[in-house]
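Participant: fold the stuff below for me.
(2 chains)
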Amino acid sequence: MVSFAFDYYLMVVIAAAGTLQIAAVVGDIRGLLLFSNTIVGYSFGISLVLFGYLIFFATAERNVNDTLGGLDGNVQFVLFLIGAITAALVTFVVSSVLNRRMYELDDTTDGLEALRRTTYLKAVLVRLRSIRS
Amino acid sequence: MRELDEVIFLWVNGWAGKFTALDEVMRLIASDYLVPVTLALILFALWFAGTDLETRERYQIGILVAVFAVALANSSIEVLNNFYFRDRPFLNHEVELLFYRPTDSSFPSNSAAAAFAITGSVGLFHRRLAIVIVSLAALYAFSRVYVGVHYPLDVLGGAVFGLVAVPIAAVVVGVMRPVLLLSLRWMRLMLVA
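Facilitator: Take a look at the predicted model:
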């Protein structure tokens, strides 16, 4: 059960990270992109999603009843939520490091709009500075 | 009605076991993980995908409707199954079973309810994407019949449960809108919405 749950979590983290790259390309959120070229970013996103599915479905039999080691709907929901949040956090950090040369906003634009022109960590820093002053 | 349901089931399931490649594809689609995770990932993508603040907020409220509709549909089914229980097809028929043996009620299908609740919710705010998702949900429902774990009426009933849950969820979310907008505003301050 634990191994099954971990495999599921891993699939969600990888596939959600890929999905986030695709969404960032579609929504033009440049601060979250891992590749500046949108076609490369889009392809990388799709590859990550497929890789996530592959490592889950190709490594073991997954049609297992939840009474015999599979995951019931509630556990799936919680693990998906945790996996998606993990993927978002990893993307925020990695994209901030890779795009560190990106322009730093001096205003405090709200939400994902800010990430069109700067990285997550830079936007957070600007926000913290504005709170202090 | 029930007899017709069983005849259609036996016809659809009659194709199982004839083409190995098709069986493997159907087993994969019918899995508890492939379509549900794909649908959840589509909702996850929509959270970030809006091109402006107004669109993104509409999508995000829609996603909350979807989550609430799934919860509502599945809880209703759980309540219903305390009063009505239908045996799985493999208990009463000679079935080519390509799946594990579920022990809960066959009618209505939880999986179909969840898939169609998400489809209906997405239809409220993104019609074009809903057309893609409805195909995925229909294929998922069909695969459950093909692999031998549901009668056609089970998945049809599940779809109705899921779709009926959508307007109810939309009304509830509409009532809670001021609180949800406040939460979204807080999430925007954290740069995650």
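Participant: which residue sits closest to the residue in chain A positioned nearest to chain B, ignoring its sequence neighbours?
Facilitator: Across chain A, the shortest distance to chain B (C-beta to the nearest C-beta) belongs to residue A:111, at 3.3 Å. Every residue, glycine included, has its C-beta placed from N, CA and C. Leaving aside its chain neighbours, residue A:111 sits nearest to residue B:188 (3.3 Å; criterion: C-beta to C-beta, 6 or more residues apart in numbering or on different chains).
Participant: any idea which element that neighbour lies in?
Facilitator: Using DSSP states H and E, the element containing residue B:188 is helix B:177-189.
Participant: surely residue A:41 touches residue A:30?
Facilitator: No: Residue A:41 lies out of contact with residue A:30 (C-beta atoms under 8 Å); the separation is 9.5 Å.
Participant: which neighbours do the two have in common?
Facilitator: Common neighbours of residue A:41 and residue A:30, using C-beta atoms under 8 Å, 6 or more residues apart in numbering or on different chains, are residue A:24.
Participant: buried residues, the one helix or strand in chain A whose mean pLDDT sits lowest. List them.
Facilitator: One helix or strand of chain A scores below all others by mean pLDDT, DSSP states H and E: helix A:120-132, with a mean of 88. Within helix A:120-132, the residues scored as buried using 16 or more other C-beta atoms under 10 Å in any protein chain shown are A:120-124, A:126-127.
Participant: quick one: the helices in chain A?
Facilitator: Using DSSP state H, the helices found in chain A span residues A:2-26, A:38-57, A:73-98, A:120-132.
Participant: let's have those helices in JSON lines, adding distance to residue B:51.
Facilitator: Shown next, in JSON lines, are the helices of chain A (distance: least, C-beta to C-beta, whole Å):
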{"stretch": "helix A:2-26", "distance to residue B:51": "8"}
{"stretch": "helix A:38-57", "distance to residue B:51": "14"}
{"stretch": "helix A:73-98", "distance to residue B:51": "19"}
{"stretch": "helix A:120-132", "distance to residue B:51": "19"}
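Participant: worst mean pLDDT among those?
Facilitator: Least confidently modelled of the helices of chain A is helix A:120-132, at a mean of 88 by mean pLDDT.
Participant: closest residue of chain B to chain A?
Facilitator: For chain B, C-beta to the nearest C-beta, closest residue to chain A: residue B:188, 3.3 Å.
Participant: any idea how far that residue lies from residue A:95?
Facilitator: 18 Å (C-beta to C-beta, to the nearest Å).
Participant: between these two, who's got more neighbours?
Facilitator: Neighbour count, other C-beta atoms under 10 Å in any protein chain shown: between residue B:188 and residue A:95, residue A:95 has more, with 25 against 20.
Participant: residue numbers of chain B in contact with chain A?
Facilitator: Residues of chain B that fall close to chain A, judged by C-beta under 8 Å from any C-beta of the partner chain: B:27-28, B:30-34, B:36-37, B:40-41, B:44-51, B:53, B:56, B:74, B:99-103, B:110, B:114, B:185, B:187-189, B:191-193.
Participant: thinking again about what came up before, check which helices and strands the least confident helix or strand of chain A is in contact with.
Facilitator: If you count contacts as 3 or more C-beta pairs under 8 Å, 6 or more residues apart in numbering or on different chains; DSSP states H and E, helix A:120-132 packs onto helix A:73-98.
Participant: helices and strands around the helix it packs on, which ones?
Facilitator: By 3+ C-beta pairs under 8 Å, 6+ apart, helix A:73-98 packs against helix A:2-26, helix A:120-132, helix B:34-49.
Participant: could you redo the last one with a cut-off of 6 Å?
Facilitator: helix A:2-26, helix A:120-132 (3 or more C-beta pairs under 6 Å, 6 or more residues apart in numbering or on different chains; DSSP states H and E).
Participant: report the rounded mean pLDDT for stretch B:166-181.
Facilitator: Per-residue scores along stretch B:166-181 average to 97.
Participant: who's in contact with it?
Facilitator: B:64-65, B:68-69, B:72, B:120-121 (C-beta atoms under 6 Å, 6 or more residues apart in numbering or on different chains).
Participant: try 8 Å this time
Facilitator: B:57, B:61, B:64-66, B:68-69, B:72, B:117, B:120-121, B:123-124.
Participant: buried ones in that stretch?
Facilitator: Applying 16+ other C-beta under 10 Å to stretch B:166-181 flags B:166, B:169-170, B:173, B:180 as buried.
Participant: with stretch B:35-51 instead?
Facilitator: Applying 16+ other C-beta under 10 Å to stretch B:35-51 flags B:35-50 as buried.
Participant: quick one: distance of it to the chain centre.
Facilitator: For stretch B:35-51, the separation from the chain centroid amounts to 14 Å (computed by C-alpha atoms, centre = their mean, to the nearest Å).
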